[in-house]
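Participant: Pasting a predicted model and its sequence here:
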Amino acid sequence: MSQVLENDDFYYSEKGYKIFTEKYLLKRGYCCQDGCKHCPYGYSKKTGTIKSRK
């Protein structure tokens, strides 16, 4: 995969955490099951499941 770009692929939260964008997560191509804020795969940390895409 190409280089990760700030503001396009991620940004920093007020507390300094790196937050990946939906665009980057789709480009990566899989769900890491960490409960990412912008997860495009519908992963739920509560149930441990990924919602199927329609």
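Facilitator: Nice, I can see it.
Participant: Low-confidence regions, the chain specifically.
Facilitator: Low-confidence regions of the chain, defined by pLDDT under 70, span residues 1, 53-54.
Participant: Please, where are all the helices along it?
Facilitator: Assigned by DSSP state H, the helices in the chain fall at 22-28.
Participant: all strands for it, in order.
Facilitator: 10-12, 18-20, 43-44, 49-50 (DSSP state E).
Participant: so what does the second one touch, helix or strand wise?
Facilitator: Which is strand 18-20. Packing partners of strand 18-20 (3 or more Cβ pairs under 8 Å, 6 or more residues apart in numbering; DSSP states H and E): strand 10-12. Placement of C-beta: from N, CA and C, glycine included.
Participant: Just confirm Asp8 contacts Thr21, I think it does.
Facilitator: Yes. Counting by Cβ atoms under 8 Å, Asp8 touches Thr21, with 7.2 Å between them.
Participant: Give me the more crowded residue out of those two.
Facilitator: Thr21 (18 against 11; other Cβ atoms under 10 Å).
Participant: The more buried one contacts Leu5, doesn't it?
Facilitator: No. Using Cβ under 8 Å, Thr21 is not in contact with Leu5, being 9.8 Å away.
Participant: Tell me how far Tyr17 lies from Lys51.
Facilitator: Applying Cβ to Cβ, to the nearest Å, the value for Tyr17 to Lys51 is 24 Å.
Participant: again with Cys39
Facilitator: 10 Å.
Participant: For burial, what's the neighbour tally of Cys39?
Facilitator: 20.
Participant: ok, it - contacts?
Facilitator: 22, 25, 31 (Cβ atoms under 8 Å, 6 or more residues apart in numbering).
Participant: How about Lys18?
Facilitator: 10-12 are the contacts of Lys18 under Cβ under 8 Å, 6+ apart.
Participant: Return stretch 17-28 as CSV; C-alpha atoms alone will do.
Facilitator: Provided in CSV are the C-alpha atoms of stretch 17-28 (Å, rounded to 0.1, in the frame of the first residue of the first chain):
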residue,chain,number,x,y,z
TYR,A,17,-4.6,9.6,19.0
LYS,A,18,-4.3,8.8,15.3
ILE,A,19,-7.8,8.3,13.8
PHE,A,20,-8.0,6.5,10.4
THR,A,21,-10.6,7.7,7.9
GLU,A,22,-13.2,5.5,6.2
LYS,A,23,-11.4,6.2,3.0
TYR,A,24,-8.1,4.7,4.4
LEU,A,25,-9.9,1.7,6.0
LEU,A,26,-11.6,0.9,2.7
LYS,A,27,-8.2,1.3,0.9
ARG,A,28,-6.6,-1.1,3.4
